[in-house]
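> whatever this is, show me its structure:
(one chain, ligands or ions: 1)
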Amino acid sequence: MAKLAVFASGSGTNFQAIAEAAAPTRHSIACLVTDKKDAYALRRAEKLGIPSHIISYKGKSREQAEEEILAVLAPHKIDYIALAGFMRLLTPRLIDAYPSRIINIHPALLPKYPGTHGIRESYESGDRQLGITIHYVDYGLDSGPVILQQSFTRNGTESIAEIETRIHNLEHIWYPKVMLDLMDAVRQN
Ligand code: GAR
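Numbering: from 1, shown residues only. This is a model prediction of the structure:
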């Protein structure tokens, strides 16, 4: 059995998709970590019966906030961290504490359109191929070795809301699958 922590700053639809996919498996979601006390992901965690930790970054350096995150994670003995709309760049302090164990999802075909506006920038680009990227986290912004990309071809008549729905649908299929595959491969000692 492997244990996962999910980090989210907002709605938490990916968090919920991963939690629901993990429920019938031997793996568990140990906790949700958020930097926003009003994140809707917190309500999802409550409904799912998953413990949550709110770590505010206000008035702190990123390293200070990450020390608090590391402290709340320690007792959970987690194997992986899945960033699911966690809108903070991690520092080497946290990344090096979980080497090759932190995964991110991004709503664009990286290296195109990194950052917080991946969907809008993809939409406005005029690119015909749009999609998602799931990757290991390194010190950069939405960089790091790619695990999986999934794309679709748009016809050009879709609204941004329709494109957003297609991207989220892809995320909700593939992020749980990738995380469960990684957890399946965790060696038990
Ligand atoms: C997702 O679309 C995810 O790809 C994106 O935030 C959204 C979170 O939605 N992440 C990034 O843009 C990271 N740069 P959710 O809270 O409903 O899962």
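
> would you list the phi and psi of residue 82?
For residue 82, the backbone dihedrals (degrees, to the nearest 10) come out as phi -110, psi 120.

> that one contacts residue 103, correct?
Yes. Using CB atoms under 8 Å, residue 82 is in contact with residue 103, at 5.3 Å. All C-beta atoms are positioned from the backbone trio N, CA, C, and that covers glycine.

> who has more neighbours, the two?
residue 82 (26 against 22; other CB atoms under 10 Å).

> which helix in this protein has the most residues?
Using DSSP state H to define each element, the chain has its longest helix at helix 160-184.

> name the SS class of residue 105, please.
The three-state assignment at residue 105 reads strand, by DSSP: H, G, I helix; E, B strand; the rest coil.

> next one: it from residue 2, what distance?
Going from residue 105 to residue 2 by CB to CB, to the nearest Å gives 18 Å.

> ok, these two, which is more surrounded?
residue 105 (25 against 21).

> ok, now which ones touch the more buried one?
Residue 105 is in contact with 14, 82, 83, 84, 85, 132, 133, 134, 171, 175, counting by CB atoms under 8 Å, 6 or more residues apart in numbering.

> tell me the angle the host helix or strand of residue 147 makes with helix 160-184.
For residue 147, the host element (DSSP states H and E) is strand 146-153. Put simply, strand 146-153 runs at 150 degrees to helix 160-184, going by axes from the mean of the first three to the mean of the last three CA atoms, to 10 degrees.

> that older thread, give me the common contacts of residue 82 and residue 103.
Residues touching both residue 82 and residue 103 by CB under 8 Å, 6+ apart: residue 179.

> how about residues contacting stretch 173-188?
Taking CB under 8 Å, 6+ apart as the rule, stretch 173-188 contacts 1-2, 4, 14, 17-18, 20-22, 25, 27, 79-80, 82, 84, 103, 105, 132, 134, 147-148, 150.

> show me these that map onto strands.
Judged by DSSP state E, strands contain the following of those: 4, 80, 82, 103, 105, 132, 134, 147, 148, 150.

> in this protein, what residue lies closest to the ligand?
residue 85 (2.5 Å; CB to the nearest ligand atom).

> which residues are in contact with that residue?
Contacts of residue 85 by CB under 8 Å, 6+ apart are 8, 9, 10, 11, 12, 14, 15, 41, 105.

> keep only the residues you listed that also lie close to the ligand.
8, 10, 11, 12, 14, 15, 105 (CB under 6 Å from any ligand atom).
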